[in-house]
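Only the shape, not the letters, is given here:
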């Protein structure tokens, strides 16, 4: 067992490797946790998984992996202000780079370190980059707290939470589950879809873990009294239906269903439950 995984759950690294093996890596990740060195290490693993052109990414032996290991790959771009404020001009400079074709790899990886230090203007510039940059670019945002980033930025990324030495996950409840909860609560089809699709980058185990957290939120709704009025919580039956959707998808996670298929099914099931 990995020494960082006293809880017995899949580590973020394992989730990345599973997604790489299944071909379901996302184009944008948030690596969140207080251990800066571990965050940078995981960002390096993500870059290798995204850029590797060998057999099993990251293979460690292909040209891309070797150059990354030596720290000499021209398509790995880093933004690091060493704890200082990150401004919109810094992000726009990244945009100029992203407009170019990668030098060697099929995909360029842009890593932003201490991403929590982006001011609001920088985060809005990054949001535009996440939405408009060519598909030959991928992004890794390393920060101490994911909730320091705008919700609009978080909604475009898969969040990987580092685990501390006590075996718990860093920080507040899992952002992926929070994003799903908020999307389903809104009853908006597009928000539900946007919240579900990035889950494919977590792999089956990561999806199951996230859905477990989400299920806890819905059980809390039941035990605390289901909200009356607008939105999906018009009665206990509605919330129970949403819990049933989660249980069904978590059951599929035990089989060979792909992460992309699972996230797509989840979006359909949630939309049907909300509008039943």
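Received it, and whenever you're ready, just let me know what you need. None of the values given here were measured: they were computed from a predicted structure. Numbers count the residues shown, from 1 in each chain.

In this protein, which strand is the longest?
Looking across the chain with DSSP state E, the single longest strand is strand 137-143.

now that one: how far from the chain's centre is it?
10 Å (CA atoms, centre = their mean, to the nearest Å).

Mind giving me the packing neighbours of it?
Packing partners of strand 137-143 (3 or more CB pairs under 8 Å, 6 or more residues apart in numbering; DSSP states H and E): strand 28-32, helix 36-51, strand 108-112, helix 120-132. Just so you know, the C-beta spots here come from the backbone N, C-alpha and C atoms, and that holds for glycine as well.

Let me see the residues that make contact with that strand.
For strand 137-143, the surrounding residues in contact (CB atoms under 8 Å, 6 or more residues apart in numbering) are 25-32, 36, 39-40, 42-43, 46-47, 50, 98, 107-116, 126, 129-130, 133, 149, 153, 157.

List the beta-bridge partners for the most centrally placed residue in the chain.
Taking CA atoms, centre = their mean, the centroid of the chain lies closest to residue 158, which sits 1.0 Å from it. Beta-bridge partners recorded for residue 158 (DSSP bridges): residue 29.

Now do it, the pLDDT please.
At residue 158, the model reports a pLDDT of 88.

who touches it in this structure?
Residue 158 sits next to 26, 28, 29, 30, 176, 198, 199, 201, 202 when contact means CB under 8 Å, 6+ apart.

how much space between it and residue 26?
For residue 158, the distance to residue 26 equals 4 Å [CB to CB, to the nearest Å].

Common neighbours of these two, please.
Between them, residue 158 and residue 26 have 198, 201 as joint contacts when contacts are counted by CB under 8 Å, 6+ apart.

what's the burial count for the nearest residue to residue 62 once chain neighbours are set aside?
Leaving aside its sequence neighbours, residue 62 sits nearest to residue 54 (CB to CB, 6 or more residues apart in numbering; 3.6 Å). Counted with other CB atoms under 10 Å, the neighbours of residue 54 add up to 15.

Assign residue 54 to helix, strand or coil.
Of the three states, residue 54 takes coil according to DSSP: H, G, I helix; E, B strand; the rest coil.

quick revisit: okay, the helices and strands packed on strand 137-143 in a markdown table with distance to residue 15 and mean pLDDT next?
As requested, the helices and strands packed on strand 137-143 are arranged in a markdown table below (distance: least, CB to CB, whole Å; pLDDT from 0 to 100):
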| stretch | distance to residue 15 | mean pLDDT |
| --- | --- | --- |
| strand 28-32 | 10 | 93 |
| helix 36-51 | 10 | 92 |
| strand 108-112 | 17 | 97 |
| helix 120-132 | 20 | 95 |
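
which ones are touching residue 183?
Here residue 183 is in contact with 191, 192, 194, 195, 196, 270 (criterion: CB under 8 Å, 6+ apart).

Which of these fall within helices?
Cross-referencing the contacts of residue 183 against helices under DSSP state H gives 191, 192, 194, 195, 196, 270.

The helices and strands packed on strand 137-143 into TSV, with extra columns for distance to residue 76?
TSV is the format used below for those (distance: least, CB to CB, whole Å):
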stretch	distance to residue 76
strand 28-32	14
helix 36-51	6
strand 108-112	5
helix 120-132	17
